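1. Prediction below, plus the sequence it came from.
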Amino acid sequence: MKKYRLLCLIILNIFCGYAQESKVKSGDKKYDGYAYIDAIKTYERLADKGYKSEDLFKKLGNSYYFNSEFEAASKWYGELFALNPAPEAEYYYRYAQSLKSAGQNDKATAILNEFSDKYKTDSRAKLYKENPNYLEQIKANSGRYKIEDAGINSKYSDYGSFVFKNKIYFASARDTGNFTQRKHKWTGEYFTNIYNADIDPTTSATSKANKIKSLLNSRFHESSIVFTKDGKTAYFSRNNFVNGKKGKDDNEITLVKIYKADVDNEKFSNIIALPFTSDNYSTAHPALSPDEKTLYFASDMPGTIGQSDIYKVSIKGNNSFGSPENLGTPINTEGKETFPYITSENEIYFASDGHPGLGGLDVFVGQMQSNGSINDIQNLGSDINSPKDDFAYTIDPFSKQGYFSSNKDGGQGSDDIYKFMETRALKCLQELNGIVTDSQSSAILPETELTLYENQKIIKSSVSNSKGEYTFSVECGKTYMVRAQKIEYETKEEMVTIGKVSGQTHLPIALDKSICKVTIGDDLGKCFGIKMIYFDLDKYNIRTEAAIDLEKILDVLNQHPTMKLDIRSHTDSRASNQYNLKLSDQRAKATLNWLIKNGVAKNRLTARGYGETQLVNDCSDGVDCSEEQHQMNRRSEFIITGL
């Protein structure tokens, strides 16, 4: 990305060798002032003459790295590692990033393994350790976009787009053809200004780009403009320059600030730097939350974890803002995080070289939670990302159209803007739905509380509607637990595994009453969901699992000493009528004897087997029925005959 960046000042060491001292100092001065292209020439001449030092190779590597010339950067970082196999953490990571960008993935992996072993507390090492096969995930996230040139690029740097009222606004370093244009020593290109172009709402084709002629564009860099929905306010990045005065930090460097302006028909006025900006650190790339109450941006202000982090600040109105808050981990790393973009779907897109990627800056997306945390950060895949710098991603979550910037191979300039259509969502999603009912009566149960769990963590909560229905949006291929809770019912949990393709998964939930109201003629067994007292085949001995159900009946009888029961046993029709009648009678009496043996008075109980004489369906002799249909007829009943 050959343009101004959020930069960390680099502390320089003194070179060894008195004879070369003046040349080294010349290179250092250019390096300190971010005139990296000039510094490269000086340092390379020294290296060509055989001079070697860690500092020399670090500066050469950095000079190319900061200009996104990763193949050359990998050469000089390689020389650094040959001289010192264990430099600081930052050089491990930059070397690995440069190798990846140069297509040397195996060597990059080896360096990353060394890096993660040596610097275990570095968040980038942790991310790599957690997902060493990150390239497989990137591959799975690829193939989801249709991408083409945005139609507004030049042979210079064009980047950072924002769409507003059928216009695209972007930064460009294109030649304007006048005699006063100024080149930036760091990039060798003209300073960037804000341009715009009309977008055809039907075809998304763009018109010829025009430079905005107003106080917005100064003699220095402007970029990353965003507008409020009413179009009356704009936020943008600019070198520290306002009212004809250029601000500098303690090292005489002009950094970057976020500015605010009033807007009236593309006339910009009342341009001011935001109150939390400073001459001594950079703030850039503003992005508004959908409700426009929060401004997100990138900065290297004190408290930053890496080279630049993503922050947020509340917008209070009347040019008043809250205190900037670092978004923290896991989004920010010891690397560079920049170019945030927030959607109405609570997604935050950003560029990073600290998260596992393909090299240079990659675009990632994270899910913003209600408590302010960010999780499920994923690389967008190799459609958007490349071994070079990919950044400034914006998308309309409804049309799925958007733009991003990149200096990948095949572009017109050092940076280019691309438009895209997202043809497949990053996540394969399904709708998990169902109806909550009473297990006995099948009555629908509205206002049931439902909680979705994944790995014992709450993901979402809901309440069933007036029809007892509930829905959750879930990810394909994952296993979830759904918990249903309702007063007077027993809480129930159901596990469900979602299919691996988009669609729907249906999970009905039937709840058992915890408070069961019964009267004479009701079946006590239904209070506990007892459908059958189980016996071994052709036998009538009480099995262990049957005893558990009978213990429930016993407990109720003990709590209600005047209650009387008629125990009824039924079979299906698949043996002879005489055999079924005898077997069911023996089983009914075995149930009665078990209760008497456990303390129930004999005069409270009666028992009888009905065989196949009281079928609940048409599955009589000679009728072809399923096992499930036959099972409906095999049942035990505990009919209340007295209270």
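-> Received, thanks.

2. switch to C-alpha atoms for all contacts and neighbour counts from now on
-> Noted.

3. Now do the buried residues in stretch 260-275.
-> For stretch 260-275, the neighbour count (16 or more other Cα atoms under 10 Å) marks 260-263, 268, 271-274 as buried.

4. Restricted to helices, list these.
-> In helices, judged by DSSP state H, none of these are found.

5. any chance of these in a markdown table, plus pLDDT and distance to Asn375?
-> Formatted as a markdown table, the buried residues of stretch 260-275 follow (pLDDT from 0 to 100; distance: Cα to Cα, whole Å):
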| residue | pLDDT | distance to Asn375 |
| --- | --- | --- |
| Lys260 | 95 | 31 |
| Ala261 | 94 | 33 |
| Asp262 | 94 | 35 |
| Val263 | 94 | 36 |
| Phe268 | 92 | 38 |
| Ile271 | 92 | 36 |
| Ile272 | 93 | 34 |
| Ala273 | 93 | 32 |
| Leu274 | 96 | 29 |
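
6. Just the ones of those in strands?
-> 260-263, 268, 271-273 (DSSP state E).

7. Now for these: which two are most distant?
-> Val263 and Ala273 (15.3 Å; Cα to Cα).

8. Check which residues of the longest helix anywhere in the chain are buried.
-> Counting by DSSP H, the longest helix found in the chain is helix 577-597. Residues of helix 577-597 classed as buried under the neighbour-count rule (16+ other Cα under 10 Å) are 577, 580-581, 583-596.

9. Convert stretch 344-362 to CSV, retaining C-alpha atoms only.
-> Extracted C-alpha coordinates of stretch 344-362, given in CSV (Å, rounded to 0.1, in the frame of the first residue of the first chain):
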residue,chain,number,x,y,z
SER,A,344,-26.0,-3.0,10.2
GLU,A,345,-25.4,-6.7,10.7
ASN,A,346,-23.1,-6.0,13.6
GLU,A,347,-20.1,-7.0,11.5
ILE,A,348,-16.8,-5.2,11.7
TYR,A,349,-14.5,-5.5,8.6
PHE,A,350,-10.9,-4.4,8.9
ALA,A,351,-7.5,-4.9,7.4
SER,A,352,-4.7,-6.6,9.4
ASP,A,353,-1.2,-8.1,9.0
GLY,A,354,-1.4,-9.5,12.5
HIS,A,355,-4.0,-12.1,11.9
PRO,A,356,-3.1,-15.2,9.9
GLY,A,357,-3.4,-14.3,6.2
LEU,A,358,-1.9,-14.5,2.8
GLY,A,359,0.7,-11.8,3.2
GLY,A,360,0.7,-8.0,3.6
LEU,A,361,-2.6,-6.6,4.8
ASP,A,362,-5.6,-9.0,4.5
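
10. Could you list the buried residues of that stretch?
-> 347-362.

11. now that stretch: mean pLDDT?
-> The average pLDDT for stretch 344-362 rounds to 91.

12. likewise stretch 294-309?
-> 94.

13. got the buried residues for it?
-> In stretch 294-309, counting by 16+ other Cα under 10 Å, buried: 294-301, 304-309.

14. What of stretch 390-408?
-> 390-395, 401-408.

15. again with stretch 409-421
-> 411-421.

16. Which pLDDT value belongs to Leu537?
-> pLDDT, read off for Leu537, is 55.

17. Numbering from 553 from now on, please.
-> Sure, I'll start counting at 553 from here, so that last one is Leu1089.

18. Reformat the buried residues of stretch 812-827 as JSON lines; add distance to Gly874.
-> Below are the buried residues of stretch 812-827 laid out as JSON lines (distance: Cα to Cα, whole Å):
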{"residue": "Lys812", "distance to Gly874": "15"}
{"residue": "Ala813", "distance to Gly874": "18"}
{"residue": "Asp814", "distance to Gly874": "20"}
{"residue": "Val815", "distance to Gly874": "23"}
{"residue": "Phe820", "distance to Gly874": "24"}
{"residue": "Ile823", "distance to Gly874": "19"}
{"residue": "Ile824", "distance to Gly874": "16"}
{"residue": "Ala825", "distance to Gly874": "15"}
{"residue": "Leu826", "distance to Gly874": "11"}
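
19. Closest to Leu608 out of these?
-> Using Cα to Cα, the buried residues of stretch 812-827 come closest to Leu608 at Ala825, 37.3 Å.

20. residue boundaries of the helices in this protein?
-> 573-584, 588-600, 606-618, 622-635, 641-653, 657-670, 675-682, 686-692, 1096-1111, 1129-1149, 1179-1185.

21. just the angle between the fifth one and helix 622-635, please?
-> Computed by axes from the mean of the first three to the mean of the last three Cα atoms, to 10 degrees, the angle separating helix 641-653 from helix 622-635 equals 130 degrees.

22. So Phe916 is in contact with Leu932, correct?
-> Yes: at 5.6 Å, Phe916 and Leu932 qualify as touching, with contact defined as Cα atoms under 8 Å.

23. more crowded one of the two?
-> Using other Cα atoms under 10 Å as the criterion, Phe916 and Leu932 rank with Phe916 on top: 27 against 24.

24. Report how many residues lie close to the residue nearest to the more buried one when sequence neighbours are not counted.
-> Nearest residue to Phe916 in three dimensions, chain neighbours excluded: Asn931, at 4.5 Å (Cα to Cα, 6 or more residues apart in numbering). Using other Cα under 10 Å, Asn931 has 29 other residues around it.

25. dump the residue contacts of Asn931.
-> Going by Cα atoms under 8 Å, 6 or more residues apart in numbering, Asn931 touches 689-690, 693, 908-909, 914-917.

26. What is the nearest of those to Val865?
-> Nearest to Val865 among the contacts of Asn931: Val917, at 19.9 Å, using Cα to Cα.

27. For that closest one, which non-adjacent residue is spatially closest?
-> Tyr901 (4.3 Å).

28. Kindly report the same for Tyr1032.
-> Glu1006 (5.0 Å).

29. Next: Glu1189.
-> Nearest to Glu1189 is Arg1120, by Cα to Cα, 6+ apart, at 5.0 Å.

30. before we move on, the earlier item: mind putting the buried residues of stretch 846-861 into TSV with distance to Asn1155?
-> Below are these laid out as TSV (distance: Cα to Cα, whole Å):
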residue	distance to Asn1155
Thr846	76
Leu847	79
Tyr848	78
Phe849	81
Ala850	83
Ser851	85
Asp852	86
Met853	86
Thr856	82
Ile857	80
Gly858	82
Gln859	85
Ser860	84
Asp861	80
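
31. what angle separates the longest helix of the chain from helix 1096-1111?
-> Note on geometry: by the same axes, to 10 degrees, helix 1129-1149 and helix 1096-1111 are set 50 degrees apart in direction.
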